[in-house]
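Asks: need the 3D shape of this:
(chains A and B)
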Protein chains: 2
Amino acid sequence: MRATTIHAPGDIRVEEVPDPAIEQPTDAIVKVTAGCICGSDLWPYRGENPIRGGSTIGHECVGVVEEVGSAVTSVKPGDFVIVPFCHCDNSCPNCRFGAHSACVNLGITSSGQAEYARVTQADGSLVVTDGVPSADELPSVLALTDVMPTGWHAAVAAGVRAGGTVMVVGDGAVGLCGVLAASVMGAETVIAMSRHEPRQSLARAFGATHVVAARGREGVAEVREITGGIGVDAALECVGTDDAMRTAISATRPGGGVGFVGVPHGVELPIRKLFEKNVGVRGGMAPVRRYLPELLELVVAGRIDPGRVFDLTLPLEEAPEGYRAMDERRAIKVMLRP
Amino acid sequence: MRATTIHAPGDIRVEEVPDPAIEQPTDAIVKVTAGCICGSDLWPYRGENPIRGGSTIGHECVGVVEEVGSAVTSVKPGDFVIVPFCHCDNSCPNCRFGAHSACVNLGITSSGQAEYARVTQADGSLVVTDGVPSADELPSVLALTDVMPTGWHAAVAAGVRAGGTVMVVGDGAVGLCGVLAASVMGAETVIAMSRHEPRQSLARAFGATHVVAARGREGVAEVREITGGIGVDAALECVGTDDAMRTAISATRPGGGVGFVGVPHGVELPIRKLFEKNVGVRGGMAPVRRYLPELLELVVAGRIDPGRVFDLTLPLEEAPEGYRAMDERRAIKVMLRP
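Replies: Just a heads-up that it's a prediction; the model follows:
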């Protein structure tokens, strides 16, 4: 099949690789209708994560079940499915505790930017949609594989509550989905930290009541001013850098919470400051499967439209251009169609 | 008045100092019935915190109101009161958010081991008991000034829930009160990490279902075994050292929480591990006033008896011996009677 591969920093190719096959009775093979590029794919692209040269890349896709293993009972060939980027059995003690991203049978989609993807734990992971999504719905359904549940997880982890004040650090697709999550959860004040049009516009469309372009100390000062000198109840750290974390912690009020979903790169948590302010910190890989039913319902009901983060759609063959566009921040998020 | 003072590491004295006086209209002066020594008093005693030579020490006491400032309306001379170690107005935005220990008018009791203590923000801070506590009740009422609300805060911050599994790192008075808190909150499994009799016995009396004497890796392995290989839902870190924090995080299940109340000394939070496990971390100085009404009710109803942590009572003049006894772990917690 044709698949996106990474060979070195900046070296993305689309080439022939072996078709994925059923390896375990719990597997399924999905024919990819649409895949996409994740902000976290940019870490290896920028040389900040190790690379196994020639390996496939991409962990987000939706599509049609092509084949299932002998133990799979809840999906069948022909079903249109959402593939959570992290696979789980949805029944182990960790899943039952809501920590699906720490499932004892955890798997990760490894060829979401390709023609086919293998899904381990198909029964626990895959969510079947009611028919094939329309062209209008497809982007929002695709966003449910990672970026929307991840923004949602940041909001849950930060403790967003109805009527509360929230800030979101990071105006990538996840941050923007965090804005949408906070808004849907009923936060009264939602502050998006962003200096880029059209990200600011999308943040407002997603429910941001304020946009702060300043960063660091100045940004924190503006957030404080908006919140009457107090700071926010909940901060969503959707970047993964030390600067972003410090900004989030500094702008959070005493007793508030920080939810972080950006894979931490060089982040040091200032424990004395956390102690002095009684600010909680919680985050990690989103338990996508846990949130999927609720989020799909919101999409189907037209209450959220996270698919608006896709501002560039390319044929699979142009994946390298998709990476460049996201790396250079010319695109918020890129959809790839095999 | 006679008061306990600290002059250098290990150098505790009881000597004459000026009587505290009303300085602000919101102040009250309390004649101390009983004060006590806190685990955190041992940090300067051991030379691990800076010392202003000759300053009074001790932040926990109960007693009778002697005098009030002109603005004080809710307490009057003659009232028996519980003095939260951190004073607050109980009305600022931080207090209304439950973060009383970050009150904009925060104060700290500075002569709890003495004949008199000045309380700033008397109206917001002091809780009047229904008459003078009996000799039996006095220790438990005294424990409400710091150690019991601090253990309770660790449990709240860790997210202890009815039916859950909990471990408590630290068998000092706070850790033991954490055991009591988790037990009263309905945790089904409460594991106390302790290698000292009679602390193990008191932990069991406070509701510990298991006592683990091993530390570090071995201790974590035992906790895992007790919890069916999974780890605990909630860990209470009641020491403040890096070892204690690592033990707490390691033994917490994915998606669980760590509540920390030991003032951090040399603690580094392993952010990657927190991310990988989706383990939340929250803690700080306890918002004592927030929990006081509920805890006093539990004491009065005979449902908790945190006063059992006091296993040595000395006259105020013997404060130096009290410090030695706690430092050498001969006593769990020492009450001082002026």
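Asks: chain neighbours aside, what residue packs nearest to A:F206?
Replies: In space, and not counting its chain neighbours, A:F206 is closest to A:L180: 4.1 Å by C-beta to C-beta, 6 or more residues apart in numbering or on different chains. Using the backbone N, CA and C atoms, a C-beta is placed for each residue, glycine as well.
Asks: ok but that neighbour is inside a helix, no?
Replies: Yes. Counting by DSSP: H, G, I helix; E, B strand; the rest coil, A:L180 is found in a helix.
Asks: next one, pLDDT for it please.
Replies: A:L180 carries a pLDDT value of 98.
Asks: host element of A:V65?
Replies: According to DSSP states H and E, A:V65 maps onto strand A:60-68.
Asks: how about the residues of the stretch 201-338 of chain A by chain B?
Replies: When proximity is defined as C-beta under 8 Å from any C-beta of the partner chain, the stretch 201-338 of chain A approaches chain B at A:228, A:230, A:233, A:253-257, A:260, A:263-264, A:267-269, A:271-272, A:274-285, A:287.
Asks: cutoff 6 Å now
Replies: Residues of the stretch 201-338 of chain A lying close to chain B (C-beta under 6 Å from any C-beta of the partner chain) are A:230, A:254-255, A:264, A:267, A:269, A:271, A:275, A:278, A:280-282, A:284.
Asks: buried ones in stretch A:62-80, by neighbour count?
Replies: By 16 or more other C-beta atoms under 10 Å in any protein chain shown, the buried positions in stretch A:62-80 come out as A:62-63, A:65-69, A:72, A:75, A:79-80.
Asks: I'd like those as TSV, with pLDDT and distance to chain B appended.
Replies: Conversion of those to TSV gives the following (pLDDT from 0 to 100; distance: C-beta to the nearest C-beta, whole Å):
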residue	pLDDT	distance to chain B
A:V62	98	25
A:G63	98	28
A:V65	98	29
A:E66	98	32
A:E67	98	31
A:V68	98	28
A:G69	98	26
A:V72	98	25
A:V75	98	26
A:D79	98	29
A:F80	98	29
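Asks: contacts for the strand holding A:V65, please.
Replies: The contact list for strand A:60-68 (C-beta atoms under 6 Å, 6 or more residues apart in numbering or on different chains) reads A:28-36, A:38, A:75, A:77, A:79-83, A:85, A:112, A:117, A:141-142, A:145-146.
Asks: among those residues, which are located in helices?
Replies: Among the contacts of strand A:60-68, the ones falling in helices (DSSP state H) are A:141-142.
Asks: buried members of the contacts of strand A:60-68 into PyMOL, please.
Replies: Entered in PyMOL, the line below selects the buried ones among those, by 16+ other C-beta under 10 Å:
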select buried, chain A and resi 28+29+30+31+32+33+34+35+36+38+75+79+80+81+82+83+85+112+117+141+142+145+146
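Asks: just the ones of the contacts of strand A:60-68 in strands?
Replies: Using DSSP state E, A:28-36, A:80-83, A:117 are the members of these that sit in strands.
Asks: kindly report the residues of the stretch 1-150 of chain A close to chain B.
Replies: Proximity of the stretch 1-150 of chain A to chain B (C-beta under 6 Å from any C-beta) is limited to residues A:93-94, A:97-99, A:102.
Asks: filter the residues you listed to the buried ones?
Replies: Taking 16+ other C-beta under 10 Å as the criterion, what is buried in those is A:93-94, A:97, A:99, A:102.
Asks: so who does the residue minimising distance to the centre of chain A touch?
Replies: The residue lying closest to the centre of chain A (C-alpha atoms, centre = their mean) is A:V147, at 2.2 Å. Contacts for A:V147 were tallied using C-beta under 6 Å, 6+ apart; they are A:173-174, A:177.
Asks: if we go to 7 Å?
Replies: The contact partners of A:V147, by C-beta atoms under 7 Å, 6 or more residues apart in numbering or on different chains, come to A:173-174, A:177, A:306, A:309, A:333.
Asks: closest to chain B out of these?
Replies: Nearest to chain B among the contacts of A:V147 is A:V174, at 14.1 Å by C-beta to the nearest C-beta.
Asks: what angle do the one helix or strand that closest one maps to and strand A:28-36 make?
Replies: Counting by DSSP H and E, the element that carries A:V174 is helix A:173-184. Going by axes from the mean of the first three to the mean of the last three C-alpha atoms, to 10 degrees, helix A:173-184 is angled at 90 degrees with respect to strand A:28-36.
Asks: and helix A:173-184, what does it pack onto?
Replies: Secondary-structure packing of helix A:173-184 (3 or more C-beta pairs under 7 Å, 6 or more residues apart in numbering or on different chains; DSSP states H and E): helix A:147-158, strand A:165-169, strand A:189-193, helix A:199-205.
Asks: kindly export it (C-alpha atoms) in CSV.
Replies: What follows is helix A:173-184 as a C-alpha-only set of coordinates in CSV (Å, rounded to 0.1, in the frame of the first residue of the first chain):
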residue,chain,number,x,y,z
ALA,A,173,-5.6,22.2,16.8
VAL,A,174,-5.5,20.7,20.3
GLY,A,175,-5.6,24.1,22.0
LEU,A,176,-8.5,25.2,19.8
CYS,A,177,-10.3,22.0,20.6
GLY,A,178,-9.6,22.8,24.3
VAL,A,179,-11.3,26.2,23.8
LEU,A,180,-14.3,24.3,22.2
ALA,A,181,-14.4,21.8,25.1
ALA,A,182,-14.3,24.5,27.8
SER,A,183,-17.0,26.4,26.0
VAL,A,184,-19.3,23.3,25.7
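Asks: got a list of contacts for that helix?
Replies: The contact list for helix A:173-184 (C-beta under 7 Å, 6+ apart) reads A:39, A:147-148, A:150-152, A:154-155, A:160, A:166, A:168-169, A:190, A:192, A:199, A:202-203, A:206-208, A:236, A:238, A:261, A:298, A:303-304, A:306, A:309, A:332-333.
Asks: now which of those would you call buried?
Replies: In the contacts of helix A:173-184, burial by neighbour count holds for A:39, A:147-148, A:150-152, A:154-155, A:160, A:166, A:168-169, A:190, A:192, A:199, A:202-203, A:206-208, A:236, A:238, A:261, A:298, A:304, A:306, A:309, A:332-333, counting by 16+ other C-beta under 10 Å.
Asks: nothing else from me, thank you.
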